[in-house]
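Student: This is the structure alone, sequence omitted:
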């Protein structure tokens with residue numbers, strides 16, 4: 001059994017992939033597993049977030065340090081009796097795979113982005129020595145398998161992420177319809193599309209934006225769209241209160257989404273979600289059943305869907321209830337853990 005996991009995370013900023021690892025590690029620890037998380041020492045804010053569940057090991061990942069990094073990782077594997085090595089970014093693929101070879105411990109790559117797999121000599125070497133590639137959606141798996149050699153395609157596995165189901169999903173309805181967005185405030189997430197849509201909606205709508213806006217783009221749209229109905233509340237680590245304070249969640253991504261963890265979280269709070277067809281969102285959402293799908297980068301379509309929802313409270317409530325049921329059926333943290341462990345056990349027992 002793979003009850004001792006090493007996860008290598010190399011990211012500059014916190015996003016869906018890091019939340020994915022956080023949820024998995026938190027739940028695994030609750031199940032009694034040993035979980036070691038390695039982060040890049042150049043980005044201490046990532047370590048600080050993970051320190052809420054365990055003490056991360058910080059390593060400076062650079063090509064110059066690859067030998068010393070492999071030795072450090074190998075010592076971690078040996079001293080903690082690690083049974084499986086996981087990495088979550090291609091930037092740390094080589095040290096992870098070489099540590100796996102040296103330690104004779106299976107290595108798993110978690111693919112969190114949509115990109116066609118590669119079959120050059122370097123990537124063939126990596127894939128040949130990988131035990132598995134965990135794809136976070138069918139969209140990710142299909143695009144990965146488009147590029148890699150046919151002989152390696154059986155290594156790609158679909159494992160949907162999962163969220164912790166909140167017990168309290170009650171919310172107090174106000175006279176205004178409160179729309180919410182939570183995530184990275186960058187242009188390809190369609191935040192300005194959402195702001196433009198809401199700005200010209202009737203006065204009965206408010207918008208709450210949760211996310212770090214301390215960037216040139218964030219400051220620019222905050223200045224452009226400031227007003228009494230638009231609220232920038234900054235980054236929130238615990239989004240429970242945020243989800244309970246809104247009526248509709250919007251994820252207006254222009255860039256293709258590999259999964260949509262914030263969408264799942266909002267659905268778990270019985271919220272109707274309006275999102276785009278730019279990626280794997282249609283694997284979570286059935287249009288006008290448990291959410292609403294619209295074309296990306298389309299202000300008019302977003303406005304129309306928000307108006308349609310707000311004018312039929314019964315339908316809005318039904319979509320929210322169906323959203324919660326979808327998460328309960330397919331996207332809970334325990335289902336995620338169970339499905340991943342089936343793969344882990346097959347690798348560790350082989």
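Tutor: That came through, no problem. Treat the numbers as computed from the prediction; the structure is a model and nothing was measured.

Student: what's the helix or strand where residue 207 lies packed up against?
Tutor: Assigning secondary structure by DSSP states H and E places residue 207 in strand 205-210. Contact analysis of strand 205-210 by 3 or more Cβ pairs under 8 Å, 6 or more residues apart in numbering; DSSP states H and E lists strand 177-182, helix 191-199, strand 230-234 as its packing neighbours. In this view, the C-beta of every residue, glycine as well, is placed from N, C-alpha and C.

Student: Deepest-packed of those, please.
Tutor: Per-stretch averages of neighbours, counted by mean count of other Cβ atoms under 10 Å, single out strand 177-182 among the helices and strands packed on strand 205-210, with a mean of 23.

Student: Where do the helices of the stretch 151-300 of the chain begin and end?
Tutor: Across the stretch 151-300 of the chain, reading from the start of the chain, the helices by DSSP state H, counting those that start in this stretch fall at 191-199, 216-224, 240-244, 261-268, 299-310.

Student: right, and those - which one's nearest residue 57?
Tutor: If you check each of these against residue 57 by Cβ to Cβ, helix 261-268 wins as the nearest, at 24.4 Å.

Student: Residue 240: what's it in contact with?
Tutor: If a contact means Cβ atoms under 8 Å, 6 or more residues apart in numbering, then residue 240 has 166, 168, 269 as its contacts.

Student: ok, the nearest residue to residue 309 once chain neighbours are set aside - how many residues close by?
Tutor: Leaving aside its sequence neighbours, residue 309 sits nearest to residue 316 (Cβ to Cβ, 6 or more residues apart in numbering; 4.9 Å). Taking other Cβ atoms under 10 Å as the criterion, the count of residues near residue 316 is 18.

Student: Test my guess that residue 316 contacts residue 308.
Tutor: No: using Cβ atoms under 8 Å, residue 316 and residue 308 do not qualify as a contacting pair, with a distance of 9.2 Å.

Student: how much space between the most centrally placed residue in the chain and residue 53?
Tutor: Using Cα atoms, centre = their mean, the residue of the chain that lies closest to the mean C-alpha position is residue 16, 2.7 Å off. Distance, residue 16 to residue 53, using Cβ to Cβ, to the nearest Å: 17 Å.

Student: Wait, residue 282 touches residue 293, no?
Tutor: Yes: using Cβ under 8 Å, residue 282 makes contact with residue 293 at a distance of 6.2 Å.

Student: Who does the residue lying closest to residue 90 once chain neighbours are set aside form a beta bridge with?
Tutor: Counting by Cβ to Cβ, 6+ apart, residue 109 is the residue found nearest to residue 90 once chain neighbours are left out, at 8.0 Å. For residue 109, the beta-bridge assignment (DSSP bridges) gives partners residue 87, residue 133.
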